[in-house]
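> when you get a sec, could you give me coordinates for this:
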Amino acid sequence: MSARYVVLSGCSGGGKSTLLAELRRRGYSTVDEPGRRVIKAEIDNGGRALPWVDLAAFARRAIDVSIEDRNAAADLPGCVFFDRSLVDAAAALEHATGEPVLERLGRQHRYNPTVFLTPPWPEIYVPDSERKHDLNAAISEYERLERIYPALGYRVVVLPKISVERRANLVLAELGTAFA
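Down below sits the predicted model:
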């Protein structure tokens, strides 16, 4: 486990990327969401590993990217904030195929024991070219993650619907003085 690897997960469109940008602005190392990078690469290259075309292929690619991200983060200084994690990608694969990968991958590649979840926030949810699912699908994914992280031994903090500055302050306060 790497206590310095902190996961921001939760509902699509719940403000994770905005929070990650605020933490980056404050000088923290950050890792962008694997899924969005996979989608961009697949679209740019005419690939089919897209969640709305082949969810299993997409999840497998997101798992690979997540593992690469963890390996690369070893070279980053201090606390590293991840927009989603290997757990999210493994949960997507298990959901799509029933393949039992979550327990093995989720326990083998650990993050900080505290995970921050952004809850569904309909007022800011916006589909885009990389987020084609509707809010109901996003809420279903959130509910799965809300169960999965504690089942893997993580302490979950659900972030309130407040300004990004206040959310960042809350995250840093929850992590304690070593991260502030």
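
> with adjacent residues omitted, what lies nearest to Pro150?
Val156 (5.7 Å; C-beta to C-beta, 6 or more residues apart in numbering). For glycine as for every other residue, the C-beta is placed from the backbone atoms N, C-alpha and C.

> to what extent is the one you found buried, counted in neighbours?
Counted by other C-beta atoms under 10 Å, the residues lying close to Val156 total 17.

> mind showing which ranges of the chain have poor pLDDT?
1, 121-135, 177-180 (pLDDT under 70).

> OK, contacts around the residue nearest the centre of it?
In the chain, the centroid-proximal residue (C-alpha atoms, centre = their mean) is Arg84; its distance is 1.0 Å. Arg84 is in contact with 7-9, 16, 33-35, 66, counting by C-beta atoms under 8 Å, 6 or more residues apart in numbering.

> give me the outermost residue of the chain relative to its centroid.
The C-alpha centroid of the chain is most remote from Gly46, which lies 24.7 Å away (C-alpha atoms, centre = their mean).

> can you map out the strands along this protein?
Taking DSSP state E to define them, one finds strands in the chain at 5-10, 29-31, 80-83, 114-118, 155-158.

> and the second one, how far out from the chain's middle?
Between the centre of strand 29-31 and the centre of its chain there are 12 Å (C-alpha atoms, centre = their mean, to the nearest Å).

> that one pairs with which strands?
Strand 29-31 has its sheet partners listed here by DSSP bridges as strand 80-83 (parallel).

> who's in contact with the residue nearest to Pro150?
114-117, 146, 149-150.

> which PyMOL command selects the buried ones in the residues you listed?
Per 16 or more other C-beta atoms under 10 Å, the buried members of those correspond to this PyMOL selection:
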select buried, resi 114+115+116+117+146+149
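
> ok, so of the contacts of Val156, who is nearest Tyr28?
Among those, Phe116 lies closest to Tyr28 (C-beta to C-beta), at 13.2 Å.

> that closest one against Val171, yeah?
Yes: at 5.7 Å, Phe116 counts as touching Val171 under the criterion of C-beta atoms under 8 Å.
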